[in-house]
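In: Fold the stuff below for me.
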Amino acid sequence: MNLKLTIEELVLQGLAQGEETAVLAALEAELARLFGEAPPAGLKAGPLALPPITVAPHAAATAVGQQIGQMIYGGLSHEPTGSHSDA
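Out: Okay, here's the model as predicted:
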């Protein structure tokens, strides 16, 4: 399976200087791990907008990247974790 994922905008606020690179590396590694295990059920193509996430103060950059990766992966197949629908 070939997959191309383009992230046009990712806003990272509140990171200490130099943490952005570590967050992005962890995000890429987490997505590679998740897609390597199995593509999400009902994989959706097209734009994906996810709600903002909040992480614990002083969370490790790797944990932040992993959390973002899991949110993206989940959003590609179903409603993101933490979102609720009244439908």
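
In: Can you name every helix or strand that the helix ranked longest in the chain contacts?
Out: Criterion DSSP state H: the longest helix present in the chain is helix 19-37. If contacts are counted by 3 or more CB pairs under 8 Å, 6 or more residues apart in numbering; DSSP states H and E, helix 19-37 sits against helix 61-75. For glycine as for every other residue, the C-beta is placed from the backbone atoms N, C-alpha and C.

In: For the helix it packs on, give me every contacting residue.
Out: Residues from elsewhere that reach helix 61-75 (CB atoms under 8 Å, 6 or more residues apart in numbering): 5, 7, 10, 15, 19, 22-31, 33-35, 40, 48, 50, 53, 55, 80-81.

In: number of nearby residues for Q66?
Out: 20 (other CB atoms under 10 Å).

In: I meant L24, not that one.
Out: L24 sits with 17 neighbouring residues when counted by other CB under 10 Å.

In: check contacts around it.
Out: L10, G65.

In: Restricting the selection to alpha carbons, write stretch 62-78 to CSV.
Out: Extracted C-alpha coordinates of stretch 62-78, given in CSV (Å, rounded to 0.1, in the frame of the first residue of the first chain):
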residue,chain,number,x,y,z
THR,A,62,7.9,12.6,22.1
ALA,A,63,4.6,12.2,24.0
VAL,A,64,3.2,15.3,22.3
GLY,A,65,4.1,14.0,18.9
GLN,A,66,2.7,10.6,19.6
GLN,A,67,-0.6,12.1,20.8
ILE,A,68,-0.9,14.2,17.6
GLY,A,69,-0.1,11.2,15.5
GLN,A,70,-2.8,9.1,17.2
MET,A,71,-5.3,11.9,16.7
ILE,A,72,-4.6,12.2,13.0
TYR,A,73,-4.7,8.4,12.5
GLY,A,74,-8.0,8.1,14.4
GLY,A,75,-9.4,11.1,12.4
LEU,A,76,-8.7,9.4,9.1
SER,A,77,-11.1,6.5,9.9
HIS,A,78,-13.7,7.8,12.3
